[in-house]
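[1] heads up, no residue letters with this:
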């Protein structure tokens, strides 16, 4: 795991005054969880295997890319595990003595390029993310093939989407999130065209995707990684 040091940033959503969110130091997996790692977990907790998991915890596409409960096929050992529900990802992390990162933690760690903590205003950074969105089947690529960011973390962009602990919290009311107000533009990725700050176009797509999810949903390009308190 990499250590993500304490800091603050102004997230895409929030009140008009754009107050920064403070992120305490935490640890984050250097890579997304792989098929091989998830198989080890399933052997210890077979109730989360494809044929045994309850429908309230994962929909019918859970691990459908695998050949069977305990066989993910060839050449996929180091590819990120996908078609994983939030419930299953949360359980995996807990069984490692870890947790899913919060949405703010994930965005804070992901806004780095290879040399700076906050690369969101860099044109090449945004172009890299947008070019990934246009590439098909990146989820079958091995982990660690994208750039190593400022914190020493790989694959925050360029491989798969990732679950966060509070993935749908953006839809809570402003009162629920205190100083953060809901932003209707985040409900739909196409609304990002009208964003006043176009450096956040790529981030709009992430928030829109998260907003489309329910905790038992699974998709072929959605994986996860774990975090841990220091």
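    Alright, I've got the coordinates. Since the model is a prediction, treat every value here as computed from it, not as a measurement. Residues are numbered from 1 along each chain as shown.

[2] Just give me the residue closest to the centre of this protein.
    Central residue of the chain (C-alpha atoms, centre = their mean): residue 162, 2.2 Å from the mean position.

[3] What residues does that residue make contact with?
    Counting by C-beta atoms under 8 Å, 6 or more residues apart in numbering, residue 162 touches 32, 106, 156, 222-225. No exception for glycine: its C-beta is placed from N, CA and C like everyone else's.

[4] Kindly recompute the last result at 7 Å.
    Residue 162 is in contact with 32, 106, 223-225, counting by C-beta atoms under 7 Å, 6 or more residues apart in numbering.

[5] same question, residue 217
    By C-beta under 7 Å, 6+ apart, the contact set of residue 217 is 59, 85.

[6] confidence score at it?
    With respect to pLDDT, residue 217 scores 95.

[7] Begin at 830, not 1, for the rest of this chat.
    Sure, I'll start counting at 830 from here, so that last one is residue 1046.

[8] I'd assumed it was in a strand, is it?
    No. Counting by DSSP: H, G, I helix; E, B strand; the rest coil, residue 1046 is not part of a strand but coil.

[9] partners of the residue nearest to the centre of the chain in the sheet?
    Following DSSP bridges, residue 991 is listed with bridge partners residue 1052.

[10] now for the helix or strand of the chain with the lowest mean pLDDT, which elements pack on it?
    The weakest-scoring helix or strand in the chain, judged by mean pLDDT, DSSP states H and E, is helix 1030-1040 (a mean of 76). Applying 3 or more C-beta pairs under 7 Å, 6 or more residues apart in numbering; DSSP states H and E, one finds that helix 1030-1040 makes contact with helix 952-962.

[11] how far is the helix it packs on from where the chain is centred?
    For helix 952-962, the separation from the chain centroid amounts to 17 Å (computed by C-alpha atoms, centre = their mean, to the nearest Å).

[12] buried ones in it?
    By 16 or more other C-beta atoms under 10 Å, the buried positions in helix 952-962 come out as 954-955, 957-958.

[13] got any ranges where the protein has weak pLDDT?
    The model of the chain has pLDDT under 70 over residues 843-846, 999-1030.

[14] Please, where are all the strands along it?
    Here the chain has its strands, by DSSP state E, at 831-833, 836-838, 850-852, 855-857, 990-991, 1051-1052, 1056-1058.

[15] out of those, deepest packed?
    Highest mean neighbour count of these: strand 1051-1052, a mean of 24 (counted as mean count of other C-beta atoms under 10 Å).

[16] May I have the phi/psi pair for the nearest residue to residue 898 once chain neighbours are set aside?
    Once flanking residues are discounted, residue 898 sits nearest to residue 878: 4.1 Å by C-beta to C-beta, 6 or more residues apart in numbering. Main-chain dihedrals, residue 878, degrees, to the nearest 10: phi -70, psi 170.

[17] distance of residue 878 from residue 970?
    Distance, residue 878 to residue 970, by C-beta to C-beta, to the nearest Å: 25 Å.

[18] any chance you could map the helices in this structure?
    864-873, 915-924, 932-939, 952-962, 1030-1040 (DSSP state H).

[19] neighbouring contacts of stretch 867-879?
    Around stretch 867-879, the neighbours that count as contacts under C-beta under 7 Å, 6+ apart are 881-882, 891-892, 895, 898-899, 901, 910, 917, 920-921, 924.

[20] Buried among the residues you listed? Make that a ChimeraX selection.
    A single ChimeraX command is used to select the members of those judged buried by 16+ other C-beta under 10 Å:
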select :882,891,892,895,898,901,910,917,920,921
